[in-house]
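> no FASTA, just this:
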């Protein structure tokens, strides 16, 4: 008898476990907004505030690359109400009809978006996306070790820094820098311009320690590298540890990366998603998110709410003259193959 | 004759190769520096940050629920599959069964992931913990079945017949004879299934839905935009838990003499 009792106890336990699995996945009744985004991209206190004010729950799930997120949504994954891809991915998703149109009447705060910045974005009329965070590509260096720095891409030609510099292992960023140094658009589709850019990168390459996407941060902080091609958001973090690091943006113009707020086709809470976008565009909320993430919300009214050291940091706020020459990386479409070929030639060259 | 030092040195080198990276990780979890570029002093800041971030704990919870559930179900299904494969090994049906069980072990994960996603989408199922759970059971069954099958190879079936001759019903036989004999295989299979499930990234990423981010998915996304040192702290905690679990299970194992 005792054995039977124990057995049934065990199966009952299993049933409870499986049932709880079931309830965890579909037991909630309050409204839910499912946000699919990068890790740590919203200040948690602000999320809580929105939940309280709108009597809903925000569920945040994370992805680690635009491409992985795209593959998943493209295969038909549904249920996400708001996604934050980078601009070039937004254009691709829009071309394929994967995102909904933004309803402007639901987002009164869109007037807060910096009009100067809007001029250089891809979706200028905020038709299907709203810019959320921007980060700028630039050059970071150690003040004590690198003398007389002029803000230009030609810094990578400096012989005295030979073997102590890195550039991105990213064809768009590095070819983009070369295109900019020649005065071309970094979204150029012109094969001749790309050929010239290739020559420039090949020349720079002789002076580089390597092409590097991650280790440049710790390498710069420890003094292994003296001058690196880096993202402003990352450099801001490293600066907190090593105040000797300075950041500058080349005067020829640079690449601006932008992550946008978009509502995917399969969204179930379209209205709540609009409400959340409007909330994020509030000046105070945007300022708090800028402080938390270290990237910049291009929100005109939020700028004056930031602490002074952020307002005066060139990694966050570019000179207007440089900004007007800078561009957001766009989806290349067919020209992608051209870039890949040129980049392969650079990587294969001796 | 003097014994050669060579095996000792090789052993030490291999152990160093295995454990040095883990030691670096543990040490860095107490490093105040965010980028691990140098030692900036002892600090518990990453542990404090870790305990303050509810999203990580939600991911841990998701991972544990799925891993425990998937281990239990795949143990059940995998063991029964192994029995069928062992007992009727010669039949043509079981030979194709063997092939079907074996295939998931060699199919690339990304293929499994994307095809499962397309399957769930085609069925119109909502993605979530359920779909991750089912996917994990799918690949765990194969591993459990293989491990238990190996254990069954040197299993003397006459013991079962003897037990039935002595008047035990099926349930008693299963509990008093089969289970103790197979226990090492079941434990090994279960542990394997649990580890595979808890650190699976590729398949989970594709079949995860809103609100079902697991720990590996969360960790990968933090490497790009978050704070890696928090991951060091979390890994250290997980290490402590796993090591204590292993120690405890060994103690328990020593307490019971084999075959009782």
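The structure has been received and is ready for your questions. In this text, all values refer to a predicted model and were calculated from it rather than measured experimentally.
> Find the nearest non-adjacent residue to residue A:299, please.
Closest residue in space to residue A:299, ignoring its immediate chain neighbours: residue A:286 at 3.8 Å, by Cβ to Cβ, 6 or more residues apart in numbering or on different chains. C-beta coordinates here come from the backbone N, C-alpha and C atoms, glycine included.
> so who does that neighbour touch?
With contact set as Cβ atoms under 8 Å, 6 or more residues apart in numbering or on different chains, residue A:286 has these partners: A:112, A:280, A:297, A:299, A:301-302.
> Closest to chain B out of those?
Lowest distance from chain B to those (Cβ to the nearest Cβ) belongs to residue A:297, with 15.2 Å.
> what's around the closest residue in space to residue B:201 that isn't next to it in sequence, how many residues?
Distance criterion Cβ to Cβ, 6+ apart; nearest residue to residue B:201, sequence neighbours excluded, is residue B:216 at 4.1 Å. Using other Cβ atoms under 10 Å in any protein chain shown, residue B:216 has 17 other residues around it.
> How about residue A:158?
Neighbours of residue A:158 under the rule other Cβ under 10 Å: 15.
> for the stretch 251-350 of chain A, what spans make up the strands?
For the stretch 251-350 of chain A, strands defined by DSSP state E, counting those that start in this stretch occupy the ranges A:255-261, A:327-328.
> For residue A:38, which of the ones you listed is the nearest?
Residue A:38 lies closest, by Cβ to Cβ, to one member of those: strand A:255-261, at 7.3 Å.
> In terms of secondary structure, what does that closest one contact?
helix A:87-95, strand A:130-142, helix A:171-181, strand A:327-328 (3 or more Cβ pairs under 8 Å, 6 or more residues apart in numbering or on different chains; DSSP states H and E).
> what residues does the stretch 101-250 of chain A put near chain B?
Contacts of the stretch 101-250 of chain A with chain B, taken as Cβ under 8 Å from any Cβ of the partner chain, map to A:217-219, A:221-222, A:237-238, A:240-241.
> picking that back up, mean neighbour count added to the helices and strands packed on strand A:255-261, as TSV?
Listed next are those as TSV, based on neighbours: other Cβ atoms under 10 Å in any protein chain shown:
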stretch	mean neighbour count
helix A:87-95	21
strand A:130-142	24
helix A:171-181	24
strand A:327-328	20
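> got the ones you listed as JSON lines, with mean pLDDT columns?
Shown next, in JSON lines, are the helices and strands packed on strand A:255-261 (pLDDT from 0 to 100):
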{"stretch": "helix A:87-95", "mean pLDDT": "92"}
{"stretch": "strand A:130-142", "mean pLDDT": "93"}
{"stretch": "helix A:171-181", "mean pLDDT": "93"}
{"stretch": "strand A:327-328", "mean pLDDT": "91"}
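> In CSV, list those along with distance to residue B:58.
Formatted as CSV, those follow (distance: least, Cβ to Cβ, whole Å):
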stretch, distance to residue B:58
helix A:87-95, 26
strand A:130-142, 23
helix A:171-181, 34
strand A:327-328, 34
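> between these, which gets nearest to residue A:341?
Of those, nearest to residue A:341 by Cβ to Cβ is helix A:171-181, at 10.0 Å.
> Okay, angle between the closest one and strand A:130-142 too, please.
70 degrees (axes from the mean of the first three to the mean of the last three Cα atoms, to 10 degrees).
> now for helix A:171-181, which elements pack on it?
Using 3+ Cβ pairs under 8 Å, 6+ apart: helix A:171-181 touches strand A:130-142, strand A:165-167, helix A:191-205, strand A:227-231, strand A:255-261, helix A:335-348.
> most tightly surrounded among these?
Burial of the helices and strands packed on helix A:171-181 is given as mean neighbour count (mean count of other Cβ atoms under 10 Å in any protein chain shown); strand A:227-231 ranks first at a mean of 27.
> Partner strands of it, with direction?
When pairing is defined by DSSP bridges, strand A:227-231 lines up against strand A:130-142 (antiparallel), strand A:165-167 (parallel).
> How about residues contacting the shortest one?
This means strand A:165-167. Residues contacting strand A:165-167 (Cβ under 8 Å, 6+ apart): A:155-156, A:158, A:173-174, A:177, A:204, A:207-212, A:216, A:219, A:225-229.
> just the helices in chain B please.
For chain B, the helices defined by DSSP state H occupy B:6-28, B:45-51, B:54-87, B:92-106, B:109-123, B:129-153, B:158-165, B:170-173, B:179-198, B:202-207, B:215-225, B:228-255.
> In three-state terms, label residue A:188 for me.
coil (DSSP: H, G, I helix; E, B strand; the rest coil).
> Pretty sure it sits against residue A:180.
No. At 10.0 Å, residue A:188 does not count as touching residue A:180 under the criterion of Cβ atoms under 8 Å.
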